[in-house]
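A.B. asks: Coordinates only, no sequence provided:
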């Protein structure tokens, strides 16, 4: 076996995946060739290092957090409003705002200071008689005026 | 990998509406998936997040799982893809993540064997191995972790990463070659 071929087979041999027919030739080459044996030994050393490498355990409560995430995800999915509904909501809001702007524009159309003054005057409480003559307040005022004259 | 036959009844129970069946699957595979994520990502926080994501994705897609494939290779495939997604995250997101490999080991008091020197040496080798793994390309890192840490066969790895068995063999061989060189350079630095 040539060194180049032996070199390619080292990894398979380490994994126990070298075909039976090649094992003997490979092992014979390793016995005979110092350079290839050194490479093989390095490979085995690395393999053994992996074997003793730390295997981790999940942090405390990992499994509960997975189930909680799944549960929360389900709640979010249930509560999720379809995109079409969201879109319709947005369109409705835009229509209401546009209507407000347009109707506001109609109200203020033809605005002048005189018109505004008239409008304010029509809202004044001065047009009302606080105590009409026949009312209780009117009688009371009439009586107080008579006593004042005396 | 043994114990796969136990998975199918659990999957059937889950598909039948039994949520606790999925919990059993999580408990069964959580350490393996977490270990894979630790070696793939190199830090505790990302590894836990990625392992969590793996199981949540598995839960969401388990109804589409076909029993022709094995459950654990399917789960490993989700885990590997999740880890690769974590590695592709924008640079700024990883700025505040400290790699566990940057931390030196703190020796805990040991009672009897092995001696503190031996233990220290073994921990240093483990650290060098993890640092070397971190320097490998993602393709090579994935195959060597699945082979050496998770103990998957060539065929199973091929199924997980969706390549041919020949590609798996050549990637494992290349990963070993590169690791040997990297380990040498770490030892020389010490």
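C.D. replies: Cool, the structure landed. Treat the numbers as computed from the prediction; the structure is a model and nothing was measured. Numbering: from 1, shown residues only, chains lettered A, B, ... in the order given.
A.B. asks: which outside residues touch the longest helix along chain B?
C.D. replies: Assignment by DSSP state H gives helix B:165-189 as the longest helix of chain B. With C-beta atoms under 8 Å, 6 or more residues apart in numbering or on different chains as the test, helix B:165-189 has contacts from A:8, A:10-12, A:14-15, A:17, A:42-43, A:46, B:128-129, B:131-133, B:135-136, B:139-141, B:143-144, B:147, B:154-155, B:157-158, B:161, B:163. All C-beta spots, glycine's among them, are computed from the backbone N, C-alpha and C.
A.B. asks: do stretch B:40-53 as well
C.D. replies: Here stretch B:40-53 has contacts from A:56, A:58-59, A:62, A:65-66, A:69, B:30, B:33-34, B:37-38, B:79-80, B:82-83, B:86-87, B:97-101, B:130, B:133-134, B:141-142, B:145, using C-beta under 8 Å, 6+ apart.
A.B. asks: Tell me which residues of it come out buried.
C.D. replies: Going by neighbour count (16 or more other C-beta atoms under 10 Å in any protein chain shown), the buried part of stretch B:40-53 is B:40-44, B:46-48, B:50-53.
A.B. asks: Now do the helices in chain A.
C.D. replies: For chain A, the helices defined by DSSP H occupy A:3-14, A:20-32, A:34-51, A:62-79, A:83-107, A:113-122, A:136-149.
A.B. asks: Report the buried residues of stretch B:174-181.
C.D. replies: In stretch B:174-181, counting by 16+ other C-beta under 10 Å, buried: B:174-179.
A.B. asks: looking at the chain, which helix or strand does the model trust least?
C.D. replies: Just so you know, I chose chain A. When each helix and strand of chain A is scored by mean pLDDT, DSSP states H and E, helix A:113-122 comes last, with a mean of 76.
A.B. asks: Chain B, not that one
C.D. replies: Per-SSE averages on chain B (mean pLDDT, DSSP H and E): minimum helix B:116-135, a mean of 82.
A.B. asks: For the residue most central in space within chain B, give me its contacts.
C.D. replies: In chain B, the centroid-proximal residue (C-alpha atoms, centre = their mean) is residue B:36; its distance is 1.2 Å. Neighbouring residues of residue B:36 by C-beta under 8 Å, 6+ apart: B:76, B:79-80, B:83, B:145-146, B:149-150.
A.B. asks: and these near chain A, which?
C.D. replies: Restricting those to those within reach of chain A (C-beta under 8 Å from any C-beta of the partner chain) leaves residue B:149.
A.B. asks: Could you tell me which residues of chain A lie near chain B?
C.D. replies: By C-beta under 8 Å from any C-beta, the residues of chain A that approach chain B are A:8, A:10-12, A:14-15, A:17, A:42-43, A:46-47, A:49-59, A:62-63, A:65-67, A:69-70, A:73.
A.B. asks: Just the buried ones out of these, please.
C.D. replies: Buried, going by 16+ other C-beta under 10 Å: A:10-12, A:14-15, A:42-43, A:46, A:49-50, A:53, A:56, A:58, A:62, A:65-67, A:70, out of these.
A.B. asks: hmm, back to that, how about the helices of chain A, which one is nearest residue B:6?
C.D. replies: Of all the helices of chain A, helix A:62-79 sits nearest to residue B:6, with 17.2 Å by C-beta to C-beta.
A.B. asks: picking that back up, buried stuff in the helix or strand containing the residue nearest to the centre of chain B?
C.D. replies: Residue B:36 belongs to helix B:20-41 when assigned by DSSP states H and E. Neighbour counts over helix B:20-41 (16+ other C-beta under 10 Å) mark B:21-26, B:28-30, B:32-41 as buried.
A.B. asks: The nearest residue to residue B:15 once chain neighbours are set aside: how many residues sit nearby?
C.D. replies: Computed as C-beta to C-beta, 6 or more residues apart in numbering or on different chains, the closest residue to residue B:15 that is not its neighbour in sequence is residue B:63, at 6.1 Å. Using other C-beta atoms under 10 Å in any protein chain shown, residue B:63 has 9 neighbouring residues.
A.B. asks: which is the next helix or strand following the helix holding residue B:36?
C.D. replies: Going down the chain from helix B:20-41, the next helix or strand is helix B:44-61, by DSSP H and E.
A.B. asks: So what angle separates the directions of that following helix and helix B:20-41?
C.D. replies: With axes from the mean of the first three to the mean of the last three C-alpha atoms, to 10 degrees defining the directions, helix B:44-61 sits at 140 degrees from helix B:20-41.
A.B. asks: Averaged pLDDT, helix B:44-61. What do you get?
C.D. replies: Across helix B:44-61, pLDDT averages out at 93.
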